[in-house]
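*Asks:* Here is a sequence with its predicted model. Questions after.
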Amino acid sequence: MTTQDTVIKRSGDHNINRKDCLLYECSDDAEKSNLTLDSFVDLVDGKQAWVVALGVFGISLCPAIGNTWGVMKDHFQRTDAFSSGSDISDDLTLIGSLHQTVTYISALIANILYSRLGLRRVFVIALFTLSGGLILCSLVTSIWQLYLTFSLCTGFGVGSMSIIAFRILLEWFDKYKSTAFGIKSSMGSITSIFLPFVMNVINNTLGAPWTFRILALFFLVINASCIILIKSGPIAPKDNQNQNIVSGFVTVLSNLDFVILSLIVAIQICVFVVPLIVIASYATHIGLTSIQSSAIVSILGGMAAIGSVAFGAIGDKIGPVNTQIVCTMVSTICVFTLWMPAYNLAMLVAFATIFGLVYGSILVFMAPIAINIVGMDNYPSAVGVGALAIAIGTLGPFLITFVESKTREYQPFLSTKIIVGALYAVCFLLSIVLKLRLSRKVFLKV
């Protein structure tokens, strides 16, 4: 075995194969400084990686826009903002669901643009569509206009920001992949702790238009500041601009393990989105005040932030697949034992606290598991397929909303609870199947 084929060993049992390193292209900074392979590898998981990650964590606040849509939905319903005289609940739910769908469909598009145009140009597109969409939301006079401004325009901006975060983090981290993605996933949740209260105050004092304007300015300043810290990493996969997109998809989809992962992603995203959209309305339905419903959204977001970081770190210790199994099992139990009988503040707080820790686990572990299955050289294609799986998953709330509209007269939200719990159970079972396919040793880190 030659020196070039050996494995570089670093502290903490951190291994990077020299041959694998040859599959990657150096960043411009690395090329200009003529780094040796050893010092090149030392950048991974190092101080510079965490500086770049700081910028990525900043732009990862953007999903909070969709996560807190329930606050705007509740405000529009309570104030009859569009003076329609009819029930606009289903429309507002669909607007939130479509925003999530567009977010991940646009991530698929932005992934292609990232390979063609580069980091900075994609960022500029994301910056102006996100903040511009929120400004346009402040000008709407009819509910159908929110489909264009909030769902399509703002959703595209959030999705483009998300793809930048996904692509950049894995170019800088190897040993701490799950931890880095856990922190990234927590950022939108951290914003969701205080944002519902701020939005509720602005809604009640200045009105919904000013809420959208202030959000636009907030995210414009944050995102523009963070891009200064972000740059391509030392293990960026080479992007072949002449590569057929379809052939890249076929390559990763020929791997059955990755197909199972994609199914888990689609199903869990389907049910992950639903509580975010309906929890504020559900709180109002059981007699809670608007402040209390905002508090429930904040608890859900706050616990998700804690859970993403904590379980991300656990995933680096015991394996992302093993941790995903635990999280989906706890999510299933929470829905059937806590949300099902939650008809008062105490029970709903208990549900939001425990469920919030685990319900978004796939956002933390999707990328680390995908890398373990397909490798870094196939990651750009895997990101595209993953974004498509998420986009398909976000269509689920449309179906759940339809079922809910047909069963609402019997018992509001009952069908939603049953569907969410059942689909989390499916994710739990599929995660076990994936674990057994990767390794039949129960206690092996996978």
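*Replies:* Ah, there it is.

*Asks:* Would you mind listing where the stretch 301-446 of the chain has pLDDT under the threshold?
*Replies:* Scanning the stretch 301-446 of the chain for pLDDT under 70 picks out the ranges 443.

*Asks:* could you pull out the helices for it?
*Replies:* For the stretch 301-446 of the chain, applying DSSP state H, counting those that start in this stretch gives helices covering 320-334, 345-358, 361-374, 379-393, 396-407, 414-438.

*Asks:* go on, the stretch 51-200 of the chain?
*Replies:* For the stretch 51-200 of the chain, the helices defined by DSSP H, counting those that start in this stretch cover 64-67, 69-79, 89-117, 119-137, 144-146, 155-169, 177-205.

*Asks:* Go ahead and produce PDB holding the CA coordinates of the helix or strand following the last one.
*Replies:* Read it as helix 177-205. The helix or strand immediately downstream of helix 177-205 is helix 208-226, counting by DSSP states H and E. Listed next in PDB are the C-alpha coordinates belonging to helix 208-226 (Å, rounded to 0.1, in the frame of the first residue of the first chain):
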ATOM      1  CA  ALA A 208     -50.000  42.600   9.400                       C
ATOM      2  CA  PRO A 209     -48.500  44.700   6.600                       C
ATOM      3  CA  TRP A 210     -45.900  46.200   9.000                       C
ATOM      4  CA  THR A 211     -45.100  42.700  10.300                       C
ATOM      5  CA  PHE A 212     -44.100  41.600   6.800                       C
ATOM      6  CA  ARG A 213     -42.100  44.800   6.300                       C
ATOM      7  CA  ILE A 214     -40.100  44.400   9.500                       C
ATOM      8  CA  LEU A 215     -39.500  40.700   8.800                       C
ATOM      9  CA  ALA A 216     -38.200  41.700   5.300                       C
ATOM     10  CA  LEU A 217     -35.700  44.200   6.800                       C
ATOM     11  CA  PHE A 218     -34.600  41.800   9.500                       C
ATOM     12  CA  PHE A 219     -33.800  39.000   7.100                       C
ATOM     13  CA  LEU A 220     -32.200  41.400   4.600                       C
ATOM     14  CA  VAL A 221     -29.700  42.600   7.200                       C
ATOM     15  CA  ILE A 222     -29.000  39.200   8.700                       C
ATOM     16  CA  ASN A 223     -28.400  37.400   5.400                       C
ATOM     17  CA  ALA A 224     -26.300  40.200   3.900                       C
ATOM     18  CA  SER A 225     -24.100  40.200   6.900                       C
ATOM     19  CA  CYS A 226     -23.700  36.400   7.000                       C
END
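
*Asks:* which other residues reach helix 208-226?
*Replies:* Under the contact criterion CB atoms under 8 Å, 6 or more residues apart in numbering, helix 208-226 has outside partners 54-56, 58-59, 61-62, 65, 72, 75-76, 81, 123, 126-127, 130-132, 134-135, 137-139, 161, 199, 202-203. (Each C-beta comes from the backbone N, C-alpha and C, glycine too.)

*Asks:* do the same with stretch 418-438
*Replies:* Here stretch 418-438 makes contact (CB under 8 Å, 6+ apart) with 256-257, 260-261, 263-264, 267-268, 270-271, 274-275, 321-322, 324-325, 328-329, 331-332, 335-336, 339-340, 359, 362, 369, 372-373, 396, 400, 403, 446.

*Asks:* before we move on, the earlier item: who wins for proximity to residue 106 among the helices of the stretch 301-446 of the chain?
*Replies:* helix 379-393 (8.4 Å; CB to CB).

*Asks:* other SSEs contacting that closest one?
*Replies:* When contacts are defined as 3 or more CB pairs under 8 Å, 6 or more residues apart in numbering; DSSP states H and E, helix 379-393 sits against helix 89-117, helix 155-169, helix 245-253, helix 256-285, helix 361-374.

*Asks:* Just the angle for the third one relative to helix 89-117, thanks.
*Replies:* Relative orientation of helix 245-253 with respect to helix 89-117: 110 degrees, computed using axes from the mean of the first three to the mean of the last three CA atoms, to 10 degrees.

*Asks:* on that earlier part again, so among the contacts of helix 208-226, which ones count as buried?
*Replies:* 55-56, 58-59, 61-62, 65, 72, 75-76, 81, 123, 126-127, 130-132, 134-135, 137-138, 161, 199, 202-203 (16 or more other CB atoms under 10 Å).

*Asks:* just the helices of the stretch 301-446 of the chain: most buried one?
*Replies:* Each of the helices of the stretch 301-446 of the chain was assessed for mean neighbour count using mean count of other CB atoms under 10 Å. The highest is helix 361-374, with a mean of 25.
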